[in-house]
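In: I'd like to go over a predicted model; first the sequence, then the structure.
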Amino acid sequence: MSNPTKTQLKAVGRVTISRVYPAGAPLPTSAAVTGTLLAVGGDPCWGSSGVWVYRAVVPNSVATGNGLYKVTLQKGASGLTDGEDPWDGNRVYPFFEGASLVIVGTGSNYVGLLDQQAGTTFLIDLFQLL
């Protein structure tokens, strides 16, 4: 974000996760979640103050496994809201460039989550962690 507004700061960590495919009646197909800020990483050449990385727990009733999921931002979280290309000269921060959904199930293997690497956008960031 580049000089985020109070409204953006309040809204940016809250999203709605929806399971689009496969549809799973009778389970709910969406849930509102609030993320915890893990890190603010270096700017990936956008002219912003960096990337913000959040983690949130998505209920098992929504994230049940492989499928197609949609992340919907809260009103006021994004700079542009009309689908306009932010690279055409009309830069309104913050930009949103995607999300990842990782589902950790049960089993006999170990899973490691490396929060210290959250927000590392360039190799130089990784060296600063060591």
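Out: Yep, it's here. Residues are numbered from 1 along each chain as shown.
In: Point out where the protein drops to low pLDDT.
Out: With pLDDT under 70 as the threshold, the chain has low-confidence stretches at 1-6, 8-9, 23-28, 116, 121-130.
In: Could you check how far the spatially most central residue of it is from Gly89?
Out: Taking Cα atoms, centre = their mean as the criterion, Ala99 is the residue nearest the geometric centre of the chain, at 4.1 Å. Using Cβ to Cβ, to the nearest Å, we find Ala99 at a distance of 26 Å from Gly89. Every residue, glycine included, has its C-beta placed from N, CA and C.
In: cool, and Gly47?
Out: Using Cβ to Cβ, Gly47 is found at 12 Å from Gly89.
In: Quick one: the helices in the chain, in order.
Out: Counting by DSSP state H, the segments of the chain that form helices are 6-11, 123-129.
In: Tally up the residues packed near Gly79, please.
Out: By the criterion of other Cβ atoms under 10 Å, Gly79 has 20 neighbours.
In: and the nearest residue to it once chain neighbours are set aside, what is it in contact with?
Out: When the adjacent residues along the chain are set aside, Gly79 lies closest to Val92, with 3.3 Å between them (Cβ to Cβ, 6 or more residues apart in numbering). By Cβ atoms under 8 Å, 6 or more residues apart in numbering, the contact list for Val92 reads 79-80, 86.
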